[in-house]
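A.B. asks: build me a model from this:
(chains A and B)
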Amino acid sequence: MDWSGIFSDATRTGLGINAAVYALAAVGLNLQFGYTGLWNFGQAGFLLVGAYGTAIAVNSWGLWLGWAVLVGIGAAVLLGLILGVPTLRLRADYLAIVTISAAEILRITANSTSVQSVTGGPQGIPGFANWFFDHNPIPKGRYGFGRITYTHRDLWVILVSWTLVVLASLLVALLVKSPWGRVVRAIREDEDAVRSLGKNVFAYKMQSLVLGGVIGAIGGIMLVIDRQFVEPNQFESAITFFAFAAVILGGAGTIWGPILGAIAFWFLVEGSQSFLRQAVSHDFLGSSHVLTSTQVGPVRFVLVGLLIMLLVIFRPQGFLGSRREVMVGD
Amino acid sequence: MTSPESESSPILVVNDITRSFGGLLAVAVEHLEIPRHRITALIGPNGAGKTTFFNVLTGFDRAGTGTWIFDGVDISGWPAYRIAQQGMVRTFQLTKALAGMTVYDNMLLAAPRQTGERILIAPLRFPWRAREAIVRQRAIALLEDFGLRAMQHEFAGTLSGGQRKLLEMARALMTEPQLLMFDEPMAGVNPALVQSLLDHVKRLRDDGLTIVFVEHDMDVVMSIADRVVCLAEGKVIAEGPPRDIVADPHVIEAYLGHRRTPIS
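C.D. replies: Below you'll find the model as predicted:
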């Protein structure tokens, strides 16, 4: 077994573009779920509207990529408002149902041939981020250390994405440590108490939903900029659940938890894939009798799921959460 | 006409409030005035509609009909948070301590006019620092007053039932209210703490606040209420000084039921 190969595969992916995209999705979700207690099960929908908004603005309207990104963000704001107005006054579970449905409706609609002229339908929209790659300041070559290297192109996307992750987290940190953050944390605990103290709970929940959605949308935008391609299948509901996994792994309601969670999640996914592949090809512990190489893809998620279950059982507060805060109840 | 701020005018005037659940008329209060700077107890047998009435007045439930004027302002049908901002602040029968937050944060949360609560200003810090310092001072003074200073950095969820009631009271005061509405403030409180809570309530009145509270324990009502309102089947059946109310035949009947046949 090539353990160092497994480790470098895992690390390369753990620090790669997917991890950064999921980190953004998780940072947004953490604001909504971890701090405000909003069950947004449609984070994938926010990534989708950000990505499609950007791609369509370049492709159909001929906008400069910078303006197009603002269109994508605007689309996420609009989605937050549309989902929030009818649901945020109701019980928490309504938001969960409406958001997951909305995300699926958006994905299926984008896939529909009836809007193919705009969204490209199942074929998607290719090649709208040339401007981004034309302005890559990093000279051609491979960068990194040891076996963990990236091309100049990947490094450029990764650096920009992780910078956005850090900026989004700093914004969230400043917000949650302010009186605004005090109000949203209180809403998470008991919104009637907050109402009785003269705070407009609906407005705070809306702000949190929209801002968390926008942060997720930025993740979606970076995802499709990296691929130079947008298609509906990039926005399956699984994204939302993986982002939830990242939040819970790292510690809901902590500043750096979701980032650490996203890195750990992709490290584990890639690490277990690399491990299983090698195990099967070297017949490690007779594994080739149990597993074929094509089964490795799905089985790695079973492994990751098991690891997350163990973590939630033995460390429910995640890597960075406070156990006391999780354990204190009414 | 008297000005709304007039010392002798009632702080809250209620007219024709009804609230029904399906066919059941839970509240039907024709007219009620809550006197300023007094402690008014709201009593009545179980199911008399006391809590529903409370919920309607404070915006936590919707009235079928009716108007209620608070300090000269018609607040009928306003959302709960605006009623609280107006100065009419309630607590709950089952305390709503924000368990996962510290006692201190519970207090700071409640302060009004916090610029730092606006999302666009919050990340900047400097516009709200000064206000935050004042809020902190006030919170610490109130915690000191209510004997919770030692628990300041504990999670509210670790407090005992009585301490939570104290925290809820102190927290309600952070909002700078004029009228405090306590829903069963003594329920579930250790008897040793009851006296301390009662003293706090009396002192709040002496400091110029108006208090309305729902209570079952007649000893408590007799010892601190200046005025008692008795509800039964959603209606006000008697109001007046505590001594008159306990002797009122309507009240006795509401609690004990009709006398069917004279005892021979």
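A.B. asks: around chain B, which positions in chain A sit nearby?
C.D. replies: A:171, A:174-175, A:178-183, A:185-186, A:188-190, A:192-201, A:207, A:211, A:324-325, A:328-330 (CB under 8 Å from any CB of the partner chain). Glycine gets a C-beta too; all of them are placed from N, C-alpha and C.
A.B. asks: next step: those restricted to helices.
C.D. replies: Judged by DSSP state H, the subset of the residues of chain A next to chain B located in helices is A:171, A:174-175, A:179-183, A:185-186, A:188-189, A:192-196, A:201, A:207, A:211, A:324-325.
A.B. asks: among these, the buried ones, what's the PyMOL command?
C.D. replies: The command below creates a PyMOL selection of those among these that count as buried (16 or more other CB atoms under 10 Å in any protein chain shown):
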select buried, chain A and resi 171+174+175+179+180+181+182+183+185+186+188+189+193+194+195+196+201+207+211+325
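A.B. asks: okay, strands next: where are they in the chain?
C.D. replies: With no chain named, the answer covers chain A. In chain A, the strands defined using DSSP state E lie at A:125-126, A:142-145, A:148-151, A:229-230.
A.B. asks: switch to chain B, please.
C.D. replies: B:12-21, B:24-34, B:39-43, B:65-70, B:73-74, B:88-90, B:179-183, B:210-214, B:227-232, B:235-240.
A.B. asks: for the second one, which strands pair with it and how are they oriented?
C.D. replies: The sheet places strand B:24-34 alongside strand B:12-21 (antiparallel), with pairing taken from DSSP bridges.
A.B. asks: domain ranges for chain B?
C.D. replies: B:1-97+B:177-264, B:98-158 (automatic domain parsing).
A.B. asks: where among the ones you listed is average confidence lowest?
C.D. replies: Mean pLDDT per stretch puts domain B:1-97+B:177-264 lowest among those, at a mean of 90.
A.B. asks: so what's the residue at the greatest distance from the centre of chain A scoring on pLDDT?
C.D. replies: Centroid-distance maximum for chain A: residue A:286 at 36.4 Å, with CA atoms, centre = their mean. You'll see residue A:286 listed with a pLDDT of 74.
A.B. asks: next, count neighbours for residue A:212.
C.D. replies: 29 (other CB atoms under 10 Å in any protein chain shown).
A.B. asks: roughly how far does it sit from chain B?
C.D. replies: For residue A:212, the distance to chain B equals 12 Å [CB to the nearest CB, to the nearest Å].
A.B. asks: so that residue touches residue A:26, yeah?
C.D. replies: No. Distance between residue A:212 and residue A:26: 10.0 Å, which falls outside the contact criterion (CB atoms under 8 Å).
A.B. asks: for the closest residue to residue B:173 other than its chain neighbours, what are its contacts?
C.D. replies: Among residues not flanking residue B:173 along the chain, residue B:142 sits closest, at 5.8 Å (CB to CB, 6 or more residues apart in numbering or on different chains). By CB atoms under 8 Å, 6 or more residues apart in numbering or on different chains, the contact list for residue B:142 reads B:107, B:170, B:173-174.
A.B. asks: between the residues you listed, which is closest to residue B:212?
C.D. replies: residue B:173 (15.2 Å; CB to CB).
A.B. asks: contacting residues around that closest one?
C.D. replies: Taking CB under 8 Å, 6+ apart as the test, what residue B:173 contacts is B:142, B:180, B:204.
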